[in-house]
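Participant: What shape does this take:
(one chain, ligands or ions: 1)
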Amino acid sequence: MCIAQLIADSRKIVIKIGSSTLAAQDGTVNTAFLDGFSAGVATLLKKNKQVVIVSSGAQIAGLSILKKWSRKRDIHYRQALCAVGQVELMRTWSQAFAKHGLHIGQILLTRDDFDDSSRTLHMRNTLFTLVDEGIIPIINENDTVCVDEIKIGDNDTLAAQSAVLWSADLLIILSDIDGLYTKNPKEFPDAQILTEVYDLSSLHIALGTPGAFGTGGIATKLSAAEQVLSYGIPLVLTNGSSGRILESLAEGTQQATLFLAAAEKSSADPN
Ligand code: ADP
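Facilitator: Purely as a prediction, here's the structure:
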């Protein structure tokens with residue numbers, strides 16, 4: 001199965017954008033990326049696809065306009081920073097999509113929202129209504145009300161939960177790395193990219209070995225893959241450094257890792 005074909009076949013696509021993708025070199029929000037990316041989303045919508053975005057970046061946006069509190073580690077300051085930054089982040093997204101005549105809707109969620117059947121029903125209905133009306137939902141963790149106990153903790157998990165909730169056809173995670181490697185490529189120059197992954201259980205064994213497969217950010221991406229694959233939703237992990245990322249994926253010119261359920265392997269490859 002190739003990624004270009006998968007995108008062509010997918011109607012409902014969730015795209016998660018990490019902080020590293022949203023931040024420019026100078027620490028401000030990367031508006032050039034947002035402009036290019038929103039043009040890519042507008043093209044997908046014209047092809048009759050539906051898109052839900054999971055966007056990090058509230059802290060970056062907060063720092064870029066307040067220009068203080070960067071060294072404050074206190075949770076109240078971090079939450080306050082997110083309260084300021086979330087508005088700025090949405091303003092930037094709103095401006096980017098307005099150039100294509102598109103509106104956005106903000107959805108802020110916490111982990112306990114996914115544990116409550118009444119809330120999940122409302123979240124689902126809101127998502128369906130927004131996309132049916134051609135509005136782009138932008139989901140983020142509700143940092144201002146989260147304490148450690150109820151924090152989803154990372155937007156990879158939030159994106160996976162949202163993809164499952166919305167019954168998406170595909171989850172795309174944009175990071176600062178081209179895909180999943182045999183080990184952390186930032187530490188090991190000989191690391192090899194894995195273009196297709198079917199057997200997550202073997203990766204988890206390797207992950208448990210220090211220095212073997214890498215830790216940190218990649219671990220949450222692997223558990224996001226595990227979560228969506230169990231619902232038959234494939235995941236693409238790739239580098240979001242280019243604003244033309246959606247076009248490159250659709251053209252099949254982007255390096256990436258495709259995570260597919262094992263059943264897909266047997267139907268795609270009889271060997
Ligand atoms: P984001 O902020 O985009 O969610 P993270 O920094 O959390 O991204 O996670 C991506 C990072 O995970 C990569 O930049 C890389 O340094 C690290 N990493 C560790 N092990 C691996 C691996 N096996 N393959 C790819 N990346 C890895």
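Participant: going forward, measure contacts between C-alpha atoms and count neighbours the same way
Facilitator: Will do.
Participant: The stretch 101-250 of the chain: helices as residue ranges?
Facilitator: Listed in chain order, the helices of the stretch 101-250 of the chain (DSSP state H, counting those that start in this stretch) span 111-115, 117-132, 155-165, 200-207, 217-229, 245-251.
Participant: Pull the residues that contact the second one.
Facilitator: Outside helix 117-132, the residues that touch it by Cα atoms under 8 Å, 6 or more residues apart in numbering are 50-52, 105, 113-114, 136-137, 165-166.
Participant: Just the buried ones among those, please.
Facilitator: 50-52, 105, 113-114, 136-137, 166 (16 or more other Cα atoms under 10 Å).
Participant: Quick check: the farthest pair among these?
Facilitator: Q50 and D113 (23.0 Å; Cα to Cα).
Participant: quick check, nearest of the contacts of helix 117-132 to K186?
Facilitator: Using Cα to Cα, these come closest to K186 at V52, 30.2 Å.
Participant: The closest one contacts N140, doesn't it?
Facilitator: No. Taking contacts as Cα atoms under 8 Å, V52 lies outside contact range of N140: 11.1 Å.
Participant: what does the average pLDDT come to for stretch 158-178?
Facilitator: The average pLDDT for stretch 158-178 rounds to 96.
Participant: got the contact list for that stretch?
Facilitator: 7, 10-18, 20-21, 54, 114, 120, 124, 127-128, 140-141, 152, 156, 193, 224-225, 227-228, 231, 233-241, 255-257.
Participant: Of those residues, keep whichever come out buried.
Facilitator: 7, 11-18, 20-21, 54, 114, 120, 127, 140-141, 152, 156, 193, 224-225, 227-228, 233-241, 255-257.
Participant: from those residues, which are also near the ligand?
Facilitator: 18, 20 (Cα under 6 Å from any ligand atom).
Participant: Show me the buried ones among the contacts of stretch 158-178 that map onto strands.
Facilitator: Residues of these located in strands (DSSP state E): 12-17, 54, 140-141, 193, 235-239, 256-257.
Participant: Pull up the residues of the stretch 51-200 of the chain that are close to the ligand.
Facilitator: 175-177, 179-184, 186.
Participant: and Y77, what does it touch?
Facilitator: So Y77 contacts W69 (Cα under 8 Å, 6+ apart).
Participant: how close does it get to the ligand?
Facilitator: Applying Cα to the nearest ligand atom, to the nearest Å, the value for Y77 to the ligand is 21 Å.
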